[in-house]
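Participant: What follows is a predicted structure for the sequence shown.
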Amino acid sequence: MENVIELQHIQKSFNGFQIRDLSINVKKGFVTGFIGGNGAGKSTTIKMIMNLLQQDSGTISIFGKSYKKHEKEIKERIGFVYDENIFYENITLKDMKMIIKPAYKKWDDKKFQYYVEQFELPLNKNMKTFSKGMKMKASLAIALAHHAELIIMDEPTSGLDPIFRRELLNILHELMQDEDKTIFFSTHITTDLDRIADYITFIHNGQHIFTKEFYKIEEEYAIVKGTLDLLDCETEREFIALRKTNRGFEALTANKHRVATIFGDTVVVEKPTLEDIMYYTKKGW
Amino acid sequence: MQIIISNSSKEPIYEQIYAQIKKLILTGELQEGQSLPSMRQLAKDLEISVITTKRAYEELEKNGFIYSIVGKGSFISEQNTEMMKERKMKAIEEKLLVAIQNAKEMNISLVELKDMLTLLYTEDE
Amino acid sequence: MLNLILKDILIQKNILIIYIATIILYLMVNVSSVFIVFIYSIVFVLSAFSNDEKDNANILLNSLPYTRKEIVSSKYIGTLIFTGFFMFYTYLFDFLLNGKEVAVLWKEILLIMGLVMIVISFILPISYKFKTKYLTIFMMVSFAIYLVMVKSFFPNFNNLVKTVVQNFMTVQELQLYLIITLLIVLLYIGSWMLSIRIYERKAF
């Protein structure tokens, strides 16, 4: 399967934290959710993918091309949504369009108009009157109007109400009807991912923990609950991290079947949420 | 084609899809050669990820229930109906064997049995 | 590239009227047109610059299909275009208001261009390296202070400037102009290259 984004052995020291030997692949035609706690390096990684930051070492290729030689060609095909405001605040969305439109060869005015209407965005109001959700929609309308093949979003749903988050997912589902489109987005609202993400890429402390098909996570990882007398040095090794209380233990394993054969019916095995995985991974680090 | 999935079920979503499509095929609601919605369309309709429907379709294909043509989509298999026919034939055979055995125990001749079968068969029509 | 230059005008369209009105005002109180063009060209460029900075537009511009080289170059080319525009506009109004029949001398054009290019050559690399937040305000304020000073303490200051300008205009040796022009152009290009280097290494 073709990779749209390939990061290989990326090292970067930035603002007092480090990304270490980060290698990530993002598959074409799918939605990849990018998760990790605050300060895990999600934004830094996205900025490097957008060439807003340069890595200290390692290679980045987008659509199989490097920024050194093909910067314009690559960016022509990327749509972006950022967590922070990137619009000139004292002009209208119409003016903003006038600035952005000539930058792209494949700009589609009709499509832009269509999404502006669908998202109910005012064309003649200053950008500074736009709420966060509206700015996000404006970014999305721009990304969709230039037929971006790769949509990169940094925390697109943070600060948005659940209704709009659901709407966004519908838009993304609509977009994914085209198998040449790829979406890569970071989020820490992991429930957003349940309905859309095909792959999950998880980073922690600037390091890549895993990239997996979403369903594989459920097949491999499990939350295990049981009484304390089941634990000893041997069995504890099966867990990424565990939490003991007077009432028993709760732990995360990355090898559900092995745990099932070791403990059998003496423990309760549950489906983990992404949050469980993030929480225990951080704990076990 | 209607599919109902449960997010709170212990059964993975792709298995739920697999089981429901399989059932629709076996009950004849989906017939040989009929096309299935594309993986992407189904994912959108069910509001689930593409890879989940992809997995379900892959399993269905592996077990001979559907086949796919690149660029055209997925269809209900024809071999599958023959397989099903064979299976049914076998089941009928087994039941007939039981009937024959019963007949023999009661000393009922083949002609009598045939008559009985013909009568029942035509009566049903 | 042209888009980026047009963008600098578009984002300032709301205050364009202020630029135009104040130029007329200054012309009415007889401020040297050389000086007006000089100041306004620089204020215009820096105001566009700080707008890019303030609204995170650098993130936007660098995410669009532009190279960093183009983004920096648009400022250097834009400076020349905007100066030309202000020159045309100021001389037009100077003629309409003050009835001066200034046959715009090539020496005067050279002088303004030269001054703008020298100042921009210093300001842009510094601005790319550091934040410009207060630069525009600083320039505006210093111009106002200058006016107050001139009006109240050195009534002859304008004449002084004019004399210097006159002297510059009357130098007859072509070679001297040529050498100065060449030096300024070299400075400008050097600054341009330096800004590209600074900007290419910048993190957003």
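Facilitator: Good, I have the coordinates. Residues are numbered from 1 along each chain as shown, chains lettered A, B, ... in the order given.

Participant: Kindly report the residues of chain B close to chain A.
Facilitator: B:7, B:10, B:12-14, B:40-41, B:43-44, B:47-52, B:55 (CB under 8 Å from any CB of the partner chain). (C-beta placed from N, C-alpha, C; glycine too.)

Participant: how does it look with 10 Å?
Facilitator: B:7-10, B:12-15, B:38-41, B:43-52, B:54-56 (CB under 10 Å from any CB of the partner chain).

Participant: In strands, which of those appear?
Facilitator: Secondary structure from DSSP state E places none of the residues of chain B next to chain A in strands.

Participant: Drop anything exposed from those.
Facilitator: B:12-15, B:38-40, B:43-44, B:46, B:48-52, B:54-56 (16 or more other CB atoms under 10 Å in any protein chain shown).

Participant: Among these, which ones are in helices?
Facilitator: B:13-15, B:39-40, B:43-44, B:46, B:50-52, B:54-56 (DSSP state H).

Participant: could you dump those to TSV with distance to residue A:78 and pLDDT?
Facilitator: TSV is the format used below for these (distance: CB to CB, whole Å; pLDDT from 0 to 100):
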residue	distance to residue A:78	pLDDT
B:13	31	89
B:14	31	91
B:15	36	91
B:39	25	91
B:40	21	92
B:43	23	92
B:44	23	91
B:46	29	91
B:50	20	93
B:51	22	93
B:52	26	92
B:54	25	92
B:55	28	93
B:56	31	93
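
Participant: Need those in TSV (columns: distance to residue A:58).
Facilitator: Putting these into TSV (distance: CB to CB, whole Å) gives the following:
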residue	distance to residue A:58
B:13	36
B:14	35
B:15	39
B:39	34
B:40	33
B:43	34
B:44	36
B:46	39
B:50	30
B:51	28
B:52	32
B:54	31
B:55	32
B:56	37
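
Participant: Which of the residues you listed lies at the shortest distance from chain C?
Facilitator: For those, the residue nearest chain C by CB to the nearest CB is residue B:50; the value is 26.3 Å.

Participant: Report the contact partners of the closest one.
Facilitator: By CB atoms under 10 Å, 6 or more residues apart in numbering or on different chains, residue B:50 lies in contact with A:29-31, A:173, A:176-177, A:179, A:196-198, B:38-44.

Participant: Repeat the analysis, applying 7 Å as the threshold.
Facilitator: Listed by CB atoms under 7 Å, 6 or more residues apart in numbering or on different chains, the contact set of residue B:50 reads A:30, A:176, A:198, B:39, B:40, B:43.

Participant: likewise residue A:160?
Facilitator: Residues counted as contacts of residue A:160 (CB under 7 Å, 6+ apart) are A:132, A:133, A:136.

Participant: from these, which ones fall inside helices?
Facilitator: If you go by DSSP H, those have A:132, A:133, A:136 in helices.

Participant: Neighbour-wise, give me the winner out of those.
Facilitator: Among the ones in helices among the contacts of residue A:160, the one with the most neighbours (other CB atoms under 10 Å in any protein chain shown) is residue A:136, at 24 neighbours.

Participant: Surely that one touches residue A:83?
Facilitator: No: applying CB atoms under 7 Å as the test, residue A:136 and residue A:83 come out as separate, 9.0 Å apart.

Participant: measure residue A:32 to chain B for me?
Facilitator: For residue A:32, the distance to chain B equals 10 Å [CB to the nearest CB, to the nearest Å].

Participant: On the three-state scheme, that residue is what?
Facilitator: Of the three states, residue A:32 takes strand under DSSP: H, G, I helix; E, B strand; the rest coil.

Participant: how about it, what does it touch?
Facilitator: So residue A:32 contacts A:26, A:184, A:197, A:198, A:199, A:201 (CB under 7 Å, 6+ apart).

Participant: all helices of the chain, in order?
Facilitator: By default, I'm working from chain A. A:42-49, A:67-76, A:93-100, A:109-118, A:132-145, A:162-175, A:191-194, A:214-220, A:233-236, A:256-263, A:274-284.

Participant: not quite, I wanted chain C
Facilitator: With DSSP H as the criterion, chain C has helices at C:2-10, C:13-28, C:33-54, C:57-63, C:68-98, C:106-129, C:135-152, C:157-170, C:174-200.

Participant: that older thread, dump the contacts of residue A:160 into a markdown table; add pLDDT and distance to chain B as well.
Facilitator: Below are those laid out as a markdown table (pLDDT from 0 to 100; distance: CB to the nearest CB, whole Å):
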| residue | pLDDT | distance to chain B |
| --- | --- | --- |
| A:132 | 87 | 24 |
| A:133 | 87 | 20 |
| A:136 | 90 | 20 |
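
Participant: For residue A:217, state which of those residues is nearest.
Facilitator: Set against residue A:217, the nearest of the contacts of residue A:160 by CB to CB is residue A:136 (27.3 Å).

Participant: need the contact list for that closest one.
Facilitator: Residues in contact with residue A:136 (CB under 7 Å, 6+ apart) are A:81, A:156, A:160.

Participant: just to revisit the earlier point, give me whichever of the helices of chain A is most buried.
Facilitator: For those, average neighbour numbers computed from mean count of other CB atoms under 10 Å in any protein chain shown are highest in helix A:42-49, which has a mean of 23.

Participant: how much does that one deviate in direction from helix A:67-76?
Facilitator: Orientation note: helix A:42-49 sits at an angle of 100 degrees relative to helix A:67-76 (axes from the mean of the first three to the mean of the last three CA atoms, to 10 degrees).

Participant: Can you tell me what sits against helix A:42-49?
Facilitator: Contact with helix A:42-49 is made by A:5, A:10, A:12, A:14, A:19, A:22, A:34, A:36, A:53, A:55, A:60, A:62, A:152, A:154, A:186, A:203, C:204, as judged by CB under 7 Å, 6+ apart.

Participant: Distance check, the spatially closest residue to residue A:79 that is not a sequence neighbour against residue A:172.
Facilitator: Once flanking residues are discounted, residue A:79 sits nearest to residue A:143: 2.4 Å by CB to CB, 6 or more residues apart in numbering or on different chains. Using CB to CB, to the nearest Å, residue A:143 is found at 11 Å from residue A:172.

Participant: Next: residue C:41.
Facilitator: Per CB to CB, residue C:41 is found 47 Å from residue A:172.

Participant: Let me see the contact set for the closest residue to residue C:56 other than its chain neighbours.
Facilitator: Distance criterion CB to CB, 6+ apart; nearest residue to residue C:56, sequence neighbours excluded, is residue A:86 at 5.0 Å. Contacts of residue A:86 were listed using CB under 7 Å, 6+ apart, and they are C:56, C:57, C:59, C:60.

Participant: Kindly indicate the member of those with the most neighbours.
Facilitator: Most surrounded of these: other CB under 10 Å gives residue C:60, at 24 neighbours.

Participant: excluding its backbone neighbours, what's nearest it?
Facilitator: Nearest non-adjacent residue to residue C:60 (CB to CB, 6+ apart): residue A:86, at 4.1 Å.

Participant: now residue A:275
Facilitator: residue A:190 (5.4 Å).

Participant: Now for that neighbour, how many residues are close by?
Facilitator: Counted with other CB under 10 Å, residues neighbouring residue A:190 total 17.

Participant: looking at chain B, which helix or strand does the model trust least?
Facilitator: Ranked by mean pLDDT, DSSP states H and E, the weakest helix or strand in chain B is helix B:79-105, scoring a mean of 81.

Participant: buried ones in the following helix or strand past that one?
Facilitator: Next helix or strand after helix B:79-105 toward the C-terminus (DSSP states H and E): helix B:110-124. Within helix B:110-124, the residues that count as buried by 16+ other CB under 10 Å are residue B:113.

Participant: between helix B:110-124 and helix B:79-105, how big is the angle?
Facilitator: 130 degrees.

Participant: Go ahead and produce CSV holding the CA coordinates of helix B:110-124.
Facilitator: Extracted in CSV, the C-alpha atoms of helix B:110-124 (Å, rounded to 0.1, in the frame of the first residue of the first chain):
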residue,chain,number,x,y,z
LEU,B,110,-39.7,-48.6,-2.6
VAL,B,111,-42.7,-48.2,-4.8
GLU,B,112,-44.9,-47.3,-1.9
LEU,B,113,-42.3,-44.9,-0.6
LYS,B,114,-42.0,-43.3,-4.1
ASP,B,115,-45.7,-42.9,-4.2
MET,B,116,-45.7,-41.3,-0.9
LEU,B,117,-43.0,-38.9,-1.9
THR,B,118,-44.7,-38.0,-5.2
LEU,B,119,-47.9,-37.4,-3.4
LEU,B,120,-46.3,-35.1,-0.8
TYR,B,121,-44.2,-33.3,-3.4
THR,B,122,-47.1,-32.5,-5.7
GLU,B,123,-49.5,-31.8,-2.8
ASP,B,124,-47.2,-29.1,-1.7
